[in-house]
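> Sharing a sequence plus its predicted fold:
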Amino acid sequence: MADTREAWITGIGIVSCLGEGPDAHWQALGAGHPQPDTTTYPPYIIHKIAPLNFDTQIPKKGDQRQMEGWQRIGTYAAGLALDSAGIKGNTDILARTDMIVAAGGGERDIAADTAILSGLPGAAAPETFLNERLMSDLRPTLFLAQLSNLLAGNISIVHGVTGSSRTFMGEESAGVDAVRIALSRIESGQSEIALVGGSHNSERPDLLMLYEFGGFALKDKYAPVWQREAHPGFALAGMGAFLVIESRAHAEARGAKCIARLSAVLSDRNRRDPGDITAGLKRLWGKIAARLKPGQAAVLSGASGTAPATAEERAFLAEHQDIAVRATGTYIGHAFEPQFPMNVALAAVAVSRGKLYPPADESGVERAMNGPLTQVVVTGIGHWRGEGLALVEAV
């Protein structure tokens, strides 16, 4: 039967600067008061993750110690998602649960890097100095800890998720494709249940430096995403976002509650010549437009605030004045790999409540929505490359 291959979101595990879990996020979005961090790395603006008690999801201190910050965040969020779906500790289901993770590279040893860079200019034999310091200063586990697929490994060890495992790299596009592949596998019958998501740590001066070199980092003054024309950029975010997605038949067989239906995920990658993003969004939108219900749909945008990507997405959205828009980056910042899974999660939260949270800026892009909310289109436009859409619907 066709309806048995529907993909249901049955578990949500999210952590960000807004707190932990769907309820905390919904309340913070409804309050309308973004709280960026302007003091940790001035003049740069970030969104620090809220304090977490890692012991509740990662009970062994030894497990916590061998993880980097982003891995602890992701393993924690994955545990929340499994709890939400009601499969935490269910070894039978976990053994069949596929895992698809979107992850970046590992974190640097800042102290070691700084010592090497400081000593290198004065070394009599720079090449020898560099080789000796790398051999002696870097702990043996550093290179293993930098492997992107260790987040999936830690989730498997801590939570017992032992189905197939895939890790995607590639910033925002990795998050889009993680969700897209999960949906495709479920719709085709290759998978019945999957844990999908990623994580990011905002308190990384090495990343902040790299993104500043590219001219992407938001600094000096905070503004909502749609009001950064004068000072484009994203606020680096700490974030963990995981979803449990399963076939309708599998969910119904175990009596699971459906939070929302994941109906479509589309991805693209254009050359990024002027106008490419707007044109690409039109192509993707055209594939789902016939399914949208007038007056009941909204857009949850993953716009980062960077130029020209955000301006081109805004130009596309201006052609759809009948649909309310919200940019979550205003509240939670930008976290690359987990940004799309996070926004799919927030879309599911919104449709499960049947309403959209209030506008968050004065640009005119975001307008009030008074009618019932049954559909959300999630956009994911990479700051440098990659475009994606998802359609999340109420059941």
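Here it is on my side, so go on.
> Check the gap between Arg96 and Ser247 for me.
Arg96 is 12 Å from Ser247, where distance means C-beta to C-beta, to the nearest Å. C-beta: built from backbone N, CA, C; applies to glycine.
> Name the residues contacting each of those two.
192-193 (C-beta atoms under 8 Å, 6 or more residues apart in numbering).
> average pLDDT for stretch 321-329?
Averaged over stretch 321-329, pLDDT sits at 97.
> Sort out which residues of that stretch are buried, please.
Neighbour counts over stretch 321-329 (16 or more other C-beta atoms under 10 Å) mark 323-329 as buried.
> for stretch 196-205, same thing?
Counting neighbours by 16+ other C-beta under 10 Å, stretch 196-205 gives 196-204 as buried.
> Need the CA coordinates for it. PDB is fine.
Taking C-alpha atoms only, stretch 196-205 is exported to PDB below (Å, rounded to 0.1, in the frame of the first residue of the first chain):
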ATOM      1  CA  VAL A 196      19.600  11.400  11.200                       C
ATOM      2  CA  GLY A 197      21.400  14.600  12.100                       C
ATOM      3  CA  GLY A 198      24.600  16.400  13.100                       C
ATOM      4  CA  SER A 199      26.200  18.800  15.500                       C
ATOM      5  CA  HIS A 200      28.500  21.800  15.700                       C
ATOM      6  CA  ASN A 201      30.500  23.600  18.300                       C
ATOM      7  CA  SER A 202      30.500  27.400  18.100                       C
ATOM      8  CA  GLU A 203      33.400  27.900  20.600                       C
ATOM      9  CA  ARG A 204      36.100  27.100  18.200                       C
ATOM     10  CA  PRO A 205      38.500  30.000  17.400                       C
END
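> Make 55 the first number, not 1, from now on.
That works, and once the first residue is 55, the last one we named lands at stretch 250-259.
> Run the chain-centre distance for it.
9 Å (C-alpha atoms, centre = their mean, to the nearest Å).
> so after the helix or strand where Thr168 lies, what's the next helix or strand?
Here Thr168 sits within helix 164-173, counting by DSSP states H and E. Heading C-terminal from helix 164-173, the first helix or strand you meet, by DSSP H and E, is helix 180-191.
> Measure how that following helix sits relative to helix 164-173, angle-wise.
160 degrees (axes from the mean of the first three to the mean of the last three C-alpha atoms, to 10 degrees).
> which residues touch helix 180-191?
Taking C-beta under 8 Å, 6+ apart as the rule, helix 180-191 contacts 163, 166, 169-170, 173-174, 177.
> Between the residues you listed, which sits nearest Phe370?
Distance to Phe370 across these (C-beta to C-beta) is lowest for Asp163, with 42.0 Å.
> how about the strands in the stretch 105-254 of the chain?
Remark: strands assigned in the stretch 105-254 of the chain by DSSP state E, counting those that start in this stretch are 152-156, 219-222, 247-254.
> Just name whatever secondary elements the shortest one is in contact with.
Spelled out, it's strand 219-222. If you count contacts as 3 or more C-beta pairs under 8 Å, 6 or more residues apart in numbering; DSSP states H and E, strand 219-222 packs onto strand 152-156, helix 204-213, helix 225-242.
> Pick the most buried one from these.
strand 152-156 (a mean of 28; mean count of other C-beta atoms under 10 Å).
> Off-centre distance for it?
Worked out by C-alpha atoms, centre = their mean, strand 152-156 lies 13 Å from the chain centre.
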